[in-house]
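In: My questions are about this predicted structure, shown below with the sequence.
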Amino acid sequence: MSNPQTFDRAQSMGLLARAPADRLAALYPDIAEHAVLRGPETGAVMVRGRQGGTGAPFNLGEMTVTRCSVRLPCGKDGHAYVQGRNKDHARRAAVLDALLQTEAIDEVTARVLAPLAEAESAQRTARASKAAATKVEFFTMVRGED
């Protein structure tokens, strides 16, 4: 495995959180041994928005999230916040976050993160091409000359 794709921790945690739970379970079916520091808990967080992406922030509404924190036998801690109520998804993402801080980083990157990033990129490209197909270009015709 030469020159594996690299992800910083924020990118990794984002990929794990956005991944469909069943896809993450398929890519990493056997969860590594770990101790639960904070069991999967479901709660709500306030989501903020900005009108037009640049306006003043406002409270958009609440979103359900599940969080989990684990510790591997080597002492590395992993944390995860995922949208929704899937406790298994949160625990699996937390274990993977911890593994990404160990010597298993290359294996986890190749086996889990790279396929998730590739699928996310393909989905983004497909969505962009679908939106581009609806693009309308306007132009002005000048009648006569002055």
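Out: Nice, thanks for sending it over.
In: Could you give the separation of the longest helix along the chain from the chain centroid?
Out: The longest helix of the chain (DSSP state H) is helix 114-132. Relative to its chain's centre, helix 114-132 lies at 13 Å (Cα atoms, centre = their mean, to the nearest Å).
In: in the lowest-mean-pLDDT helix or strand in the chain, what counts as buried?
Out: Counting by mean pLDDT, DSSP states H and E, the chain has its least confident helix or strand at helix 114-132, which shows a mean of 89. With burial defined by 16 or more other Cβ atoms under 10 Å, the residues of helix 114-132 counted as buried are 114, 116-117. C-beta here means a position set from N, CA and C on the backbone, and glycine is covered the same way.
In: low-scoring stretches of this protein, by residue?
Out: 1-4, 146 (pLDDT under 70).
In: and the residue lying closest to residue 83 once chain neighbours are set aside, what is it in contact with?
Out: Leaving aside its sequence neighbours, residue 83 sits nearest to residue 65 (Cβ to Cβ, 6 or more residues apart in numbering; 5.9 Å). Residues near residue 65 by Cβ atoms under 8 Å, 6 or more residues apart in numbering: 42-45, 81-84.
In: What is the nearest of those residues to residue 52?
Out: Nearest to residue 52 among the contacts of residue 65: residue 45, at 22.8 Å, using Cβ to Cβ.
In: wait, doesn't the closest one sit right on residue 61?
Out: No: the criterion here is Cβ atoms under 8 Å, and residue 45 misses it with residue 61 at 10.2 Å.
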